[in-house]
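Novice: here's a sequence, model it:
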Amino acid sequence: MILAIDIGNTTVALGGIRDGRVCFVAHMDTVRTRTAAEYRAEMEKIFSHRKHPERPVRFEGAVLTSVVPQITGALAECARHYTGGAKPVIVGPEIRTGLIMGVPDPAAVGKDRLVDAAYAAAHYPLPVVTVDLGTATTFNVVDEHRVFRGGVICPGLSTGLKALGERCAQLPQVHLSQPRHAIGTNTEECMLSGSVLGTAVLLDGITARIEEELGKPVSLVVTGGLAKYVTPLCRHPLTYDPELLLKGLALLYKLNAPRRRSGPGPARGQEPAGGKPRLSRPRGARRKNAAAASCA
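Specialist: Okay, here's the model as predicted:
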């Protein structure tokens, strides 16, 4: 099993991934002043609740992405502990993604954006647009030639809603939920409509403009913790994939981790003796139970 770590501005997501399937997901608060030992203590609490807590938690490898440089080293140290000292794959500008970077400064692209785009380009019809609804709302565009063309960055849904309550003296802090109507009849309903429905309209509108610029329709893939409030209100066809980033991390681990060969065998890309190379193919719904068993 691979340990995937996504260090975001608000939370650190931990995922256990086997054969491309997310077996578990857990979250910790992002605290910029925590040390590696403190984060490891939090991870121990999380892993102690797993199915077999008496067994030492070990992973065959780890992959990490971070938008918070202050704690990247601390979480990388934690990853080495749980992989027996193996160096984690850390997402950076030099990493293999399967994409062609079509922006002037590839190093300036957010690492989480790169991960989302890489997975979407490998698993959805091109061109593809990914949207991550988190602290910020980010769009990524990959054209039909697997060229990462750039994207859009907007204030996040909860970020904007919180700012309204803090900066406007007569507006309250509002609990996030899905609005029932476009026209609000009180202050809270008006704020929810403007924020949540407004974000849905933003997704539809920006995606339409991207399609105009590309000259063809796109696959739209939406992820992020706030997507559940927004996606039911969108009119553009979309796929909601809450595990997009963790699955993307597993893909990048596969592309970049050192190869371990346990014995003699055919070189990569060659046919095994006496037959054709085995091709991987998407597993259908009938195999879900087997996939769940493989995560145990």
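Novice: chain center to the longest helix along the chain, what's the gap?
Specialist: In the chain, with assignment by DSSP state H, the single longest helix is helix 198-214. Relative to the centre of its chain, helix 198-214 is centred 21 Å away, using C-alpha atoms, centre = their mean, to the nearest Å.
Novice: any idea which helix or strand comes after it?
Specialist: For helix 198-214, the succeeding helix or strand toward the C-terminus, using DSSP states H and E, is strand 219-223.
Novice: tell me where the stretch 101-250 of the chain has strands.
Specialist: In the stretch 101-250 of the chain, strands defined by DSSP state E, counting those that start in this stretch lie at 128-133, 136-142, 147-155, 219-223, 239-240, listed in chain order.
Novice: residues touching the residue nearest the centre of the chain, list them.
Specialist: Closest to where the C-alpha atoms of the chain average out (C-alpha atoms, centre = their mean) is L245, at 1.7 Å. Taking C-beta atoms under 8 Å, 6 or more residues apart in numbering, we find L245 in contact with 6, 13, 65, 112, 115-116, 119, 132, 223. In short, each C-beta sits where N, CA and C put it, glycine included.
Novice: can you put these in TSV and add neighbour count?
Specialist: What follows is the contacts of L245, written out as TSV (neighbours: other C-beta atoms under 10 Å):
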residue	neighbour count
D6	25
A13	20
T65	28
D112	27
V115	29
D116	29
Y119	27
D132	27
T223	26
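Novice: which ones among the residues you listed are found in helices?
Specialist: Assignment to helices by DSSP H places the following of the contacts of L245 there: 112, 115-116, 119.
Novice: tell me the most buried of the strands of the stretch 101-250 of the chain?
Specialist: The highest mean neighbour count among those belongs to strand 128-133 (a mean of 27), with neighbours defined as mean count of other C-beta atoms under 10 Å.
Novice: partner strands of that strand, with direction?
Specialist: Strand 128-133 sits in its sheet next to strand 136-142 (antiparallel), strand 219-223 (parallel), going by DSSP bridges.
Novice: looking at the longest helix of the chain now, give me its mean pLDDT.
Specialist: Helix 198-214 carries an average pLDDT of 97.
Novice: picking up where we left off before, which one of the strands paired with strand 128-133 lies nearest to R58?
Specialist: Each of the strands paired with strand 128-133 has some distance to R58 by C-beta to C-beta; the shortest is strand 219-223, at 28.5 Å.
Novice: okay, the angle between the closest one and helix 198-214?
Specialist: Following axes from the mean of the first three to the mean of the last three C-alpha atoms, to 10 degrees, one obtains 150 degrees for the angle between strand 219-223 and helix 198-214.
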